[in-house]
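Colleague: Dropping a prediction and its sequence here:
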Amino acid sequence: MQRPLADPAPRARLLCAVALLGVALYSAATLAAPAVLYTTQQAARPVSVAGALLPAAPLAAQIPPPTPVTLSTPVPGDALIPRSALQAGPNSTGSWAPFALPAAVLTALSASALIIWRNLVGRRREEALQPLAMFAAEGARKIVDQNVANKGKGLPFWWQYVWQLPFTQSGPRGTPLVAGDTMQIFKHNIEQIYADMPSVDGAPLAEGDLSDLTDGTMFKGLKRYFENFGSVYKLCFGPKSFIVVSDPLIAKWILTNNQCFDKGVLAEILEDIMGKGLIPADPETWKTRRRALSPAFHKAWLDRMTQDFGRLSLRMCEKLKGTTQAVDMEERFGSLALDIIGKAVFNYDFQSSMKESAVVKAAISTLKEAEHRSMTPLPYWKLPLADVVVPRQADFKRNMALINDQLNLAIASALKNRDPADIADLEARDYDEMDNPSLLRILVDMRGEETTNQQLRDDLITLLIAGHETTASALTWAIFELTQQPELLRRVQREVDEVLGDRLPTMDDIRGLLLCRLCIAESLRMYPEPPLLIRRVLDDLTLPKGATAKFEATLKRATDIFLAIYNIHHDGRFWPNPDFYDPERFLRPYKNPEIPEWKGYDPEGWKGRLYPDEVSSDYAFMPFGAGPRRCLGDVFATLEGTVALAMVLRRFDFAFAAPTAQPDQVGMATGATIHTRNGLWMTLTPRATAA
Ligand code: HEM
């Protein structure tokens, strides 16, 4: 929808014009410099500044302009400048290919700036920044295609000199990462792609069909590459690379050697929202806050939370009973999870499953923004004035202010009613008697003088985000799968009828709801939330060979890693018939004699605990991660998921409904979690047996 500018935004237009001019000048300077260098050193050879632009032109031409703006017509490179003219000195194999990437990026940026400017002039404010997103997605594709096209084309003569410059050098071992560490990775990748030099890390370069990588189901694309290139491979976007690991034992090594890694790009994306909350926190803050937050998730509190899960789920079911039309169960579970996490974290009842409110809208938009940021390759929100010019960023700023106000009110109220408690006494507290049994209240009561209100806010918003969509997705996929297996659904319902009936569940009931718990676990195996974990290497290291990799990868400082949990959970060598939803697989032991390094899955391994975990599966199942940065809310989430599933299955039968009347119309898309593409629309029939 077009929204007219309240004001002609002359400042914004001026800004874009200046930016456009700046980008154009920068492009020209960057591209002219090597050409000038080249002509002065190779005076006998016919080369012009225009020639330096040539590698960019075909690439720019492949990018379709999203709005009616004409990009300059491409000039076929070889037609104007003979390849022989590109042959350079003795140190070079003579290609201009390395110019292609910076030139393409700069060309795309210039074109984007132009389109943005035109959009602003044309008062199409909603679409203003669209071209950047399109160029980013399309550019990523083209850049990977270019990796393949430019393979072995060689490097220019000046290549080795660039790497003498001080800012391109790696930092010494044991020191924090510097820009030079990343540049060295770029250097090795470019040399591997363009000059066929051996891979420094040993990982094969993934290439081929990219459609799944860029259409919003990245985890599927990573799986296809895994089938082609093995359990450790390198995914390159131009010089930017990710080492993709799909082996349980290597994943175990990475996750348990936490001191060797940080959260890399994930932390960069989330820090604006979560500040110094646990997920993006620097190692020092993380250590202190993890120690402070862990005891808050204690048994007595979880007992009380289980009652709240029941009450809030019942409230949703009551509301659903009055609905005759199809409902989007994904949206309903999202609302329920928000109500639950709001109550648990800061005793705020969003009532999002009951009504709309400004705070609910703000919370939902903020959660969506966190997801949008984690999926956007260019962190454009870091640009100056992005929160003024870009409507969604302006909305985000407003929403954050609203949520921060609510959080600050809650913090102030909890501080006023502070009841300092010894941490050792937490289990003895009677949470049933407390009006405000929230995590915030517990943290404030336990809080040492060193914790600031800002840190508390960061902790709260992190818990709110970490605990919302994850659980909602697990519930959505459980209902999706169960509806396709009526016999299994009947058995789960029978279990609920026998163990629970119409009561609200207690902790003891949860122990009896084994099949329900396994349904949540199997959802998390098939649809892990998040489907990949992100790490960055802090110092040069060698990965172990693991169970399935054919070599030991040697990783340099600043290497980015994707731990492809989805691939591990879908590997038929660990989970026979991996694409079939079979909760009872967790009751059967399994070993694979062809992979002796992997200890196998043993149901005895999680006896006495609530769900099959990474240890009982020798890291082939990691629903909540592993090692020191393992999920803090694992038990909370398992209890919540089991209660909500049991409550709806006791009360309703489900059938797929338009517009997702066929299961394959539901679709999958990735954000921070795997969610449906089109919602999960269902008609609900109240069960005769339930009250
Ligand atoms: C089904 C639901 C959930 C799933 C599948 C899930 C999954 C995960 C995973 C895989 C990690 C590890 C991330 C990594 O290593 O990079 C994680 C971390 C975390 N989770 Fe959960 N989570 C769930 C629910 C919750 C809930 C309900 C809360 C809080 C109430 C929560 C709080 C956290 C926090 C604070 C971290 C960061 C821990 C740290 O870095 O020390 N999660 N979660």
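Modeller: The structure has been received and is ready for your questions.

Colleague: Report how many residues lie close to the residue of the stretch 51-200 of the chain found nearest the ligand.
Modeller: As assessed by C-beta to the nearest ligand atom, the ligand sits closest to Leu177 within the stretch 51-200 of the chain, at 18.1 Å. From N, CA and C alone the C-beta is placed, and that goes for glycine too. Applying other C-beta atoms under 10 Å, we find 17 residues neighbouring Leu177.

Colleague: again, but for the one 3 residues further on
Modeller: Around Gly180 sit 19 other residues, with neighbours defined as other C-beta under 10 Å.

Colleague: And the residue lying closest to it once chain neighbours are set aside, its phi and psi?
Modeller: Distances taken as C-beta to C-beta, 6 or more residues apart in numbering put Gln169 closest to Gly180, at 4.5 Å, once the chain neighbours are dropped. Main-chain torsions, Gln169, degrees, to the nearest 10: phi -90, psi 140.

Colleague: Model confidence for Thr506, exactly?
Modeller: Per-residue pLDDT puts Thr506 at 93.

Colleague: who's in contact with the nearest residue to it once chain neighbours are set aside?
Modeller: What sits nearest to Thr506 in space, not counting adjacent residues and going by C-beta to C-beta, 6+ apart, is Thr306, at 6.5 Å. Applying C-beta atoms under 8 Å, 6 or more residues apart in numbering, we find Thr306 in contact with Pro505, Thr506, Met507, Ile510, Leu639, Val643.

Colleague: buried subset of these?
Modeller: Restricting the contacts of Thr306 to buried positions leaves Pro505, Ile510, Leu639, Val643, with burial counted as 16 or more other C-beta atoms under 10 Å.

Colleague: So which of these belong to helices?
Modeller: Within the buried ones among the contacts of Thr306, residues falling in helices by DSSP state H are Ile510, Leu639, Val643.

Colleague: How much space separates the residue nearest to the second one when sequence neighbours are not counted from the ligand?
Modeller: If I follow you right, that is Leu639. Leaving out its chain neighbours, the residue that sits closest to Leu639 by C-beta to C-beta, 6+ apart is Thr306, at 5.3 Å. From Thr306 across to the ligand, the span is 13 Å (C-beta to the nearest ligand atom, to the nearest Å).

Colleague: Spell out which helix or strand contains the residue in the stretch 251-400 of the chain positioned nearest to the ligand, please.
Modeller: Here the stretch 251-400 of the chain gets closest to the ligand at one residue, Leu278, 4.3 Å apart by C-beta to the nearest ligand atom. Secondary structure from DSSP states H and E places Leu278 outside every helix and strand.

Colleague: Tell me if Ile243 really is in a strand.
Modeller: Yes - when DSSP: H, G, I helix; E, B strand; the rest coil is applied, Ile243 is found to be in a strand.

Colleague: Hmm, it is touching Lys234, no?
Modeller: Yes - the criterion here is C-beta atoms under 8 Å, and Ile243 meets it with Lys234 at 5.7 Å.

Colleague: intersection of neighbour lists for these two?
Modeller: By C-beta under 8 Å, 6+ apart, the residues touching both Ile243 and Lys234 are Asp201, Ala203.

Colleague: What residues does the chain have near the ligand?
Modeller: 278-279, 290, 462-463, 466-467, 470-471, 474, 524, 529, 533, 623-625, 629, 631-633, 636-637 (C-beta under 6 Å from any ligand atom).

Colleague: what's the closest of the buried ones among the contacts of Thr306 to the ligand?
Modeller: Nearest member of the buried ones among the contacts of Thr306 to the ligand, counting by C-beta to the nearest ligand atom, is Leu639, at 9.4 Å.

Colleague: residues in contact with the residue of the stretch 251-400 of the chain closest to the ligand?
Modeller: Trp286, Arg289, Arg290, Leu293, Asp459, Thr462, Ala466, Leu632.
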